[in-house]
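**Student:** pasting a predicted model and its sequence here:
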Amino acid sequence: MKQLLSISLFLLLGLSAKGQLAEDALRLSTLKSSLSTARTASVAGAFGAMGEDFGVLGINPAGLASYYESEFSISPSLNFNESNASLVSNSNSTSKQSFGLGNIGVVFAKQPMASSWSSSNFAIGVNKQNIFSQSFLYQGSTPTSIVDRFAQVADGKTLGELGDFEDGLAYDAFAFSSYDSLSNTYTTDFDNYNGNVNKRQSVTRNGKINELTLAWAGSLDKKISFGVSVGIPLVSFETTKVYTENDPDSEIDFFDQLSFTEYVSTSGAGVNFKIGSTYTGLQNFRFGLAVHSPNWYSLTDDFENSLSYTFTDADGPEVNEAMSPRGQFNYRLRTPWKYIASAGGLFKVGDVRGFVNADFEFVDYGSSAFNLTSSDLSGPADAEYQEVVNADITDQFQRVMNIRLGSELGYKIWRFRAGVALDATPYNNATAESNTTIGLGLGIKKRSFAFDLAFQALSSEESYSPYRLTDESQNPVVNIESSIYNMTGTFGFRF
């Protein structure tokens, strides 16, 4: 009953006019430590007890204390996303590529004289936290139409109360065949049709989260290190969806086809802090603890929709189009706290030396929360929607422990690395297994220059619905399997 009420309120308050969903909170809460430098990418982000790499700032800032020389680093990266989307028995494969920087940053290393501090280092730079580059396409035939959703959103409203982004568009494009002003109900061409509807949708997502980081770390007698950082995550994300339905066999009276296009762009920034400590007092072992605060985001959505509806009556085919105004909505989001425990071991066998590291990450995805009432333009409906969507976050997501294991072998100037990360599913009552990331890499390290190259592969699964109805069992569900490949190269210059 609670879930049915939640969906009903989503319909009542106009889902597309707001755009904030539990999935949006999850997307902005899922930050990855293995997308910055090639060294951290090649060990799948398993680097929390180690140091001397700019990527460690995204895991445990205390690792910055391991630098005893200043360094500038830059990491070009190339991302490939292959998605296979299936609706019923039909499946379609698509791919998308993107290019960017995993990191750019500088570390200023200092060794204080006549002090118990063996290092006191400062760093500033940018690390990539997530990539939103994906394209998928599905098509198939299932019961219900997106017009059914438009009618459910509209029912009970007068014409003057219809929204600009869904039900109002449907009325303007003549997707509603009639309106009863006494009961404020709307009829459609699909009301007397119980068969399947042909549907197709292409979805393109672009964007990223980059974090500007300022950090300090110091080491006491080379035994225990402390680090702190302040991060400013910068969000840039946009989605374009083109959804179509048609009736090639003229099974639905009057209806021929429709096309519904949705565009939303999310931009903004936030602030966070990280504190951490590492213990290196034992000869061949290292331990680390880190706490990441939430990201406190201030975000803006810019959005617009359009609808084209074609039907044939006694006068012949008629095409009607409607366009929404450009909408904008300002809001805030708080992501979860994160806790990371790390353990590592150093070893040397002849001319071969290296490390093994394990990170254990604890995060409660159900603790994210939207604030939709921070704008001066917000009203009672925003407060109601905020309560519903935050309850949906709590219901859908759970506490998880993610595990990362990685190792590096060094022989003379050569470095060889591998790692694996197991990310538990954030969904409650989900049957999906953990998402797995595998990293491989190699590098060379000389006195004043280093170059590292990493390859990373990630597989993931998600379920997606193009629209939601009061009866959840009637929602079309698309299963999406994605394979993501990243290649990162890092150039490091010591000075």
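**Tutor:** In hand now; what should we look at?

**Student:** going forward, measure contacts between C-alpha atoms and count neighbours the same way
**Tutor:** Will do.

**Student:** in the longest helix along the chain, which residues are buried?
**Tutor:** Longest helix in the chain, counting residues (DSSP state H): helix 380-396. Residues 382, 385-396 are the ones in helix 380-396 that count as buried (16 or more other Cα atoms under 10 Å).

**Student:** now, among the residues you listed, which is nearest to Ala22?
**Tutor:** Using Cα to Cα, Ile393 comes nearest to Ala22 of the buried residues of helix 380-396, at 5.0 Å.

**Student:** got the phi and psi for the spatially closest residue to that closest one that is not a sequence neighbour?
**Tutor:** Setting aside the residues directly before and after it, Ile393 is nearest to Ala22 in space (Cα to Cα, 6 or more residues apart in numbering), at 5.0 Å. Torsion angles at Ala22 (phi, psi; degrees, to the nearest 10) stand at phi -60, psi -40.

**Student:** contacting residues around Ala22?
**Tutor:** Applying Cα atoms under 8 Å, 6 or more residues apart in numbering, we find Ala22 in contact with 389-390, 392-393, 396.

**Student:** can we see that at 7 Å?
**Tutor:** 389, 392-393 (Cα atoms under 7 Å, 6 or more residues apart in numbering).

**Student:** same thing with Thr204?
**Tutor:** 134-136, 239-241.

**Student:** related to what we said a few turns ago, just the buried residues of helix 380-396 now: which is nearest Leu405?
**Tutor:** Using Cα to Cα, the shortest approach to Leu405 within the buried residues of helix 380-396 belongs to Gln396, at 28.0 Å.

**Student:** that closest one contacts Pro426, correct?
**Tutor:** No: the pair Gln396 / Pro426 is not scored as a contact, 8.2 Å apart, by Cα atoms under 7 Å.

**Student:** what mean pLDDT does the helix or strand harbouring Thr94 get?
**Tutor:** Per DSSP states H and E: Thr94 is located in strand 90-108. Per-region confidence: strand 90-108 scores 90 on mean pLDDT.

**Student:** and it, which strands flank it?
**Tutor:** Its sheet considered, strand 90-108 pairs with strand 71-87 (antiparallel), strand 117-131 (antiparallel) by DSSP bridges.

**Student:** any idea how far the first one is from the chain center?
**Tutor:** Relative to the centre of its chain, strand 71-87 is centred 13 Å away, using Cα atoms, centre = their mean, to the nearest Å.

**Student:** equivalent analysis for stretch 233-246, please.
**Tutor:** 13 Å.

**Student:** next, the buried residues of that stretch.
**Tutor:** Of all the residues in stretch 233-246, those buried under the rule 16+ other Cα under 10 Å are 233-246.

**Student:** what's the answer for stretch 79-90, then?
**Tutor:** Of the residues in stretch 79-90, 79-87 count as buried by neighbour count, 16+ other Cα under 10 Å.

**Student:** and for stretch 297-309?
**Tutor:** Neighbour-count burial for stretch 297-309 [16+ other Cα under 10 Å]: 297-309.

**Student:** alpha carbons only: can I get that stretch in CSV?
**Tutor:** Extracted C-alpha coordinates of stretch 297-309, given in CSV (Å, rounded to 0.1, in the frame of the first residue of the first chain):
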residue,chain,number,x,y,z
TYR,A,297,25.1,19.7,-3.4
SER,A,298,23.3,22.8,-4.8
LEU,A,299,21.9,21.8,-8.1
THR,A,300,19.8,23.2,-11.0
ASP,A,301,17.7,21.3,-13.5
ASP,A,302,16.9,22.8,-16.8
PHE,A,303,14.3,20.8,-18.8
GLU,A,304,11.8,20.8,-21.6
ASN,A,305,9.5,18.3,-23.3
SER,A,306,7.7,18.0,-26.6
LEU,A,307,5.0,15.7,-27.9
SER,A,308,3.8,14.9,-31.4
TYR,A,309,0.6,12.9,-31.7
